[in-house]
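Enquirer: coordinates for the following, if possible.
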Amino acid sequence: MALDQIFGIAGSALNAQSVRMNTIASNLANAGTVAGTDQDAFRGKRTVFKSIMDQQLAPQDGSYQGGVRIKEIKDDATPVRRLLDPGNPLADKEGYVFTSNVNEMGEMVDMMAASRSYQNNVEVINTARQLMLRTLEITKA
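Expert: I've put the predicted structure just below:
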């Protein structure tokens, strides 16, 4: 694998982790929202990655790179919580509101993992760049 292909692979991971971080930020921003019905309650979003390892996705010219892409962003299947709050203007006839299904602690752990993965891929790019510069220096001598 040529060093220049590393940039494409790491770049795809940077893009995927960036989307993951944006999704997490949206989940955290909506964690405290309430709704009057189960259907209107905010449901956390989950990014689903797909590795670019399938032969159907690989170029036929032998320049296969690999990497990752976002397959889809799905709603979290965890049920929303029903909370008794009769004073809330959104409460139903029985006095209940529906809160989002976002687990803030879980989101923070996921955010830390996404951040670490992003940082690791930045290091991959920096290392590949340094190797390319060293190779150029060797050829000058």
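
Enquirer: which parts of the protein are strands?
Expert: Under the criterion DSSP state E, strands of the chain are mapped to 34-35, 45-51, 68-75, 81-84, 96-99.

Enquirer: next, count neighbours for T47.
Expert: Burial measure for T47: 19 neighbouring residues, criterion other Cβ atoms under 10 Å. Using the backbone N, CA and C atoms, a C-beta is placed for each residue, glycine as well.

Enquirer: ditto for M53
Expert: For M53, the count of nearby residues is 11 (other Cβ under 10 Å).

Enquirer: got it, and F42?
Expert: For F42, the tally of surrounding residues (other Cβ under 10 Å) stands at 22.

Enquirer: how much space between it and A13?
Expert: The spacing between F42 and A13, counted by Cβ to Cβ, to the nearest Å, is 28 Å.

Enquirer: below-threshold pLDDT in the protein: ranges please.
Expert: For the chain, applying pLDDT under 70 flags the ranges 1, 54-64, 141.

Enquirer: spatially central, which residue of it would that be?
Expert: When the chain is reduced to its mean C-alpha position, the closest residue under Cα atoms, centre = their mean turns out to be R20, at 1.4 Å.
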